[in-house]
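# Sequence plus the predicted model coming up.
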Amino acid sequence: MKLDKQSMLLYAVTDRSWLGDKTLADQVEETLKGGATFIQLREKELDFDAFVKEARAIKKLTDAYNIPFVINDAVDVALAVDADGVHVGQDDSDAGALREQLGDKIIGVSADTVELARKAEADGADYIGVGAIYSTATKTDAEVVAFETIAAICKAVTIPVVAIGGLNETNILSLTGTGVDGVALVSAIFSKKDIVSATKALRSLSETMTKP
């Protein structure tokens, strides 16, 4: 599947840390109402059956809103629910091996150097996730990537690039001029009481940041 760079504009990565009395599907629908352009379901604790159940509930929503939906790491779950694709890190299968399993589904790859980004594109990745942009409590093992490296990655590949890690309403505009096509956000969306309003505001900032 070929991705429009506009799909990267506001990329929401789920986190059930702030559910309260809501379901994760409730929160995802709020992000969609607020203008999210891409949804990644990330689960580290659920067993396969529970993961599939959650993924099916969210896929119904993303299908209704016509927004791409990928699963973090779990290729078996993505195939079980016919998700639009997967996002993988450098410790997972490379894009070339995944392409054989996934056909034309979306493959996103995390890459924090020009060399890794070029390799991912050559292997068949559809987009690159670059980060962490700032240190983040949601992924404590991620190293911060220099802005010069982010810009170099954007120049080195032709596929969309989304920035992730520590981004929120106070620092999205710091990416202006780097060439990234959008921002991937976790707590900046899902920790907020009014997710619809937070998503709208974050999308507006991302639109401003990505203007030529």
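Thanks, I have the structure now.
# Mind giving me the packing neighbours of the lengthiest helix in the chain?
The residue-count maximum for a helix in the chain (DSSP state H) belongs to helix 48-65. Secondary-structure packing of helix 48-65 (3 or more Cβ pairs under 8 Å, 6 or more residues apart in numbering; DSSP states H and E): helix 24-34, strand 38-41, strand 69-72, helix 75-81. To be clear about C-beta, it is placed using only N, CA and C from the backbone, and glycine gets the same treatment.
# Mind listing what's buried along the one helix or strand in the chain whose mean pLDDT sits lowest?
In the chain, the helix or strand scored least confidently by mean pLDDT, DSSP states H and E is helix 95-102, which has a mean of 92. Across helix 95-102, burial judged by 16 or more other Cβ atoms under 10 Å covers 95, 98-99, 102.
# Stretch 156-168 too?
Buried residues in stretch 156-168 (16+ other Cβ under 10 Å): 156-157, 159-168.
# hang on, residue 117 packs against residue 111?
Yes. With contact defined as Cβ atoms under 8 Å, residue 117 reaches residue 111; the gap is 4.1 Å.
# which residues do the two both contact?
Common neighbours of residue 117 and residue 111, counting by Cβ atoms under 8 Å, 6 or more residues apart in numbering, are 128, 130, 153.
# Low-confidence stretches in the protein?
Residues of the chain meeting the criterion pLDDT under 70: 1-2, 138-141.
# Identify the residue nearest residue 129 in space, chain neighbours excluded?
With sequence-adjacent residues excluded and distances taken as Cβ to Cβ, 6 or more residues apart in numbering, residue 129 is closest to residue 110, at 4.6 Å.
# Check residue 120 too.
residue 109 (3.9 Å).
# did I read that right, that neighbour in a helix?
No. Applying DSSP: H, G, I helix; E, B strand; the rest coil, one finds residue 109 to be strand, outside a helix.
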